[in-house]
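Q: Sequence unavailable; structure follows:
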């Protein structure tokens, strides 16, 4: 009987959620679902492959930030490998030809522009922290509609080794799907705190706001279009 009690206690300890921090705050993303979806776009690209006569096609997600500007991942738009065309579809189903303003492979960020006056995400100025509630919005491959996944930040500055070297990520316990790359990671006030970059089972990894701000500040947006 004593052995059984010990086994039950150990099982409960290991079954506890990873985000059960004592300072978790109450949150509700219900009010953000429709609003965040209207600020998120689907991205389709076509570009030449290294083999003559072949074109490659990719898809992903983007986050509108106002004035027709869209943030996404560099790897979504082909990392400047001869992209021929980029098409953006907004939530209302309208497709736009997008102009590539800039792309940075090291930060894995790209900036697009479309002719649109739609409202975009506000950029958060709150430092992310372990236990912060978050939600990712995306355009998963093979599904006709948007995906939403809620969770909590596990590590606000996770260092990861990637094909481009060591990078910083926001690591959170919400699972995302293929095609979510480039999509927004928001807090419970609906502000943008990151751009989804990668996934692993049960986890997602997003580009933090300091990298996003560095990228945006490096672009002369006023004269780019």
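A: Yes, it's here. Being a predicted model, the structure only gives us computed values, none of them experimental.

Q: Pull out the buried residues from the top strand by length along the chain.
A: Longest strand of the chain, by residue count under DSSP state E: strand 147-162. Buried residues in strand 147-162, counted by 16 or more other Cβ atoms under 10 Å: 147-156, 158. Every C-beta, even on glycine, is put in place using the N, C-alpha and C of the backbone.

Q: try stretch 194-213
A: Neighbour counts over stretch 194-213 (16+ other Cβ under 10 Å) mark 194-199, 203-209, 211-212 as buried.

Q: try stretch 158-178
A: Buried residues in stretch 158-178, defined by neighbour count with 16+ other Cβ under 10 Å: 158, 167-177.

Q: Please apply the same query to stretch 177-196.
A: Going by neighbour count (16+ other Cβ under 10 Å), the buried part of stretch 177-196 is 177, 179-188, 190-196.

Q: Could you export the buried residues of strand 147-162 as TSV, including pLDDT and distance to residue 88?
A: Output for these, formatted as TSV (pLDDT from 0 to 100; distance: Cβ to Cβ, whole Å):
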residue	pLDDT	distance to residue 88
147	84	18
148	89	20
149	90	22
150	92	25
151	94	27
152	95	30
153	96	28
154	95	31
155	93	32
156	93	30
158	87	30
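
Q: Looking at those residues, which is nearest residue 99?
A: Proximity of the buried residues of strand 147-162 to residue 99 (Cβ to Cβ) peaks at residue 147, which lies at 26.9 Å.

Q: isn't that closest one right up against residue 177?
A: Yes. If you go by Cβ atoms under 8 Å, residue 147 and residue 177 touch, sitting 6.0 Å apart.

Q: Overlap of the contact sets of the two?
A: 138, 140 (Cβ atoms under 8 Å, 6 or more residues apart in numbering).

Q: you'd agree residue 35 is in a helix?
A: Yes. Assessed with DSSP: H, G, I helix; E, B strand; the rest coil, residue 35 lies in a helix.

Q: List the contacts of it.
A: With Cβ under 8 Å, 6+ apart, residue 35 has these contacts: residue 190.

Q: mind listing the helices for this protein?
A: Taking DSSP state H, the helices of the chain run over residues 2-15, 33-38, 209-217.

Q: looking at these, which has the lowest confidence?
A: Note on those: helix 2-15 shows the lowest mean pLDDT, a mean of 33.

Q: hang on, the earlier thing: please identify which of the buried residues of stretch 158-178 is nearest to residue 107.
A: Nearest member of the buried residues of stretch 158-178 to residue 107, counting by Cβ to Cβ, is residue 167, at 8.2 Å.

Q: Neighbours of the residue lying closest to residue 101 once chain neighbours are set aside, how many?
A: Nearest residue to residue 101, sequence neighbours excluded (Cβ to Cβ, 6 or more residues apart in numbering): residue 111, at 4.2 Å. By other Cβ atoms under 10 Å, 24 other residues sit near residue 111.

Q: I'm done for today, thanks for sticking with me.
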